[in-house]
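Asker: Turn this into a model:
(one chain, ligands or ions: 1)
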Amino acid sequence: MCPNNKQFDSTFKATLAGVKDVLFPKKTDKILQDTDRIDGQTVLVTGSNTGLGFAIATKLAKRGGNIIMAVRSGIPEKGQEIQQLSGNKNVRMEFVELAKLQSIQDLVLRLKAQNVTIDILVCNAGMVSAGSKVADNGLDLMFAVNYLSTFYFVNLLLQHQIIKPKNRPRPRLIFVASESHRVNFPIDYTTFGQPVPYSAAKVVKFYGYYKLLLTIFGVELHRRYANEGNDLSIFTLCPGAVHSDISRNSPSVLKPILWLVFKAFFQTPTKASRPAVYFACSPKMEGQSNVYLHIMQEKLMADAAYVEENGKKVWAASEQLLKELGSPL
Ligand SMILES: NC(=O)c1ccc[n+]([C@@H]2O[C@H](COP(=O)([O-])OP(=O)(O)OC[C@H]3O[C@@H](n4cnc5c(N)ncnc54)[C@H](OP(=O)(O)O)[C@@H]3O)[C@@H](O)[C@H]2O)c1
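Answerer: Presented below is the predicted three-dimensional model:
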């Protein structure tokens, strides 16, 4: 099998691969200087109340960004914590429940009313469920949070000119995916986003599939926005294995074991935030797009991410789904 497509289709394989990457780190030329700052730039980070997102928001606040934490919990204490840790007062919070399209739309309209222009967007929020779970709108919950919310949010931000492709410096859009997107999973457009029953054992496979959709969306966005006039920078990453709250929904018997493995072998969120912070701040990334970092290594994503037909079809299926749910773009 081509290395771009090696698979992580079980929790065991994914954890083992994550431990290996952390134990045997590779050298990188992707290094940030203290002078690589984003003073005055507006940065929105989803899921920044905890884990990786909290670390990314803290580091970007330290580098001078005006931070908007788009979160569904931790208001106001997590914002205050970042203000204290970074010494930057320009940190504020906005509520969003990403499993609800209405909540995403409300956030976009509030940002518009406040005349916000986003220079750097970090779509970080994500989740792993214990098994298949249905969101309020009838979609598979992991699909709704890990993929569709980003598709909807980014498109609305562009439509309402909250992200302005003509702005300089060129807006940077950073998608937090996962190496688990290298999954062998046929995209079924007839059941796209619909809940399919799956057990805890299949969760990583479905999680990987939804991250694959995210990578396909990122490449298609690059095709649509970065080719003509080089207007948006789209970056995708896997942070590597992170000792965060990501396993919070795992079966209770597994939780203590996972916690121990995570604590012993996984990276701290601060360390794991490096690729996102690099994409956001590095002058070397100016004018670049369609770059994928796994930890700090530049790689190709799975082959499926680059197939143009996948990009077109996933985009069309997502638009159609939003229409059917009464939230057309
Ligand atoms: N941990 C890893 O080893 C690992 C590896 C590869 C990729 N990733 C990716 O890294 C990103 C961050 O995850 P993490 O490891 O930091 O996990 P985490 O500690 O569980 O943080 C996840 C964040 O997403 C938010 N979120 C989840 N569902 C949401 C919803 N419906 N609406 C709004 N916010 C929601 C959470 O908010 P609440 O706290 O309010 O629930 C939290 O802020 C995810 O995209 C994950 O897939 C993680």
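Asker: can you tell me if stretch 20-36 touches the ligand.
Answerer: No - interface with the ligand: stretch 20-36 contributes nothing (C-beta under 6 Å from any ligand atom), its closest point being 9.7 Å away. Where C-beta positions appear, they are placed from N, C-alpha and C, glycine not excepted.
Asker: oh sorry, the question was meant for stretch 60-75
Answerer: Yes - in terms of C-beta under 6 Å from any ligand atom, part of stretch 60-75 sits within range of the ligand, namely 71-73.
Asker: Most neighbours among the residues you listed, which one is it?
Answerer: Among the residues of stretch 60-75 next to the ligand, the one with the most neighbours (other C-beta atoms under 10 Å) is residue 71, at 25 neighbours.
Asker: Using the three-state scheme, assign the closest residue to it other than its chain neighbours.
Answerer: The shortest distance from residue 71 to any residue that is not its chain neighbour, by C-beta to C-beta, 6 or more residues apart in numbering, is 4.3 Å, and that residue is residue 49. Secondary structure, DSSP: H, G, I helix; E, B strand; the rest coil: residue 49 is coil.
Asker: cool, and residue 93?
Answerer: Here residue 93 takes the strand state, with states given by three-state DSSP.
Asker: Relative to the ligand, how far out is it?
Answerer: When C-beta to the nearest ligand atom, to the nearest Å is applied, the distance between residue 93 and the ligand equals 12 Å.
Asker: what's the neighbour count on that residue?
Answerer: Each residue near residue 93 was counted by other C-beta under 10 Å, and the total is 21.
Asker: Residue 38 contacts residue 63, doesn't it?
Answerer: Yes - assessed by C-beta atoms under 8 Å, residue 38 is found in contact with residue 63 at 5.3 Å.
Asker: Common neighbours of those two, please.
Answerer: Both residue 38 and residue 63 are contacted by 280-281, under the criterion C-beta atoms under 8 Å, 6 or more residues apart in numbering.
Asker: so where is the stretch 151-300 of the chain shaky, pLDDT-wise?
Answerer: 227-230 (pLDDT under 70).
Asker: Going along the chain, name the strands of it.
Answerer: Per DSSP state E, counting those that start in this stretch, the stretch 151-300 of the chain has strands spanning 172-176, 233-238, 291-294, 297-299. These are given in chain order.
Asker: need the contact list for residue 105.
Answerer: Residue 105 makes contacts with 156, 327, as judged by C-beta under 8 Å, 6+ apart.
Asker: do that again at 10 Å, thanks
Answerer: Neighbour list for residue 105: 96, 152-153, 156, 160, 327 [criterion: C-beta atoms under 10 Å, 6 or more residues apart in numbering].
Asker: same deal with residue 115?
Answerer: Taking C-beta under 10 Å, 6+ apart as the definition of contact, the neighbours of residue 115 are residue 162.
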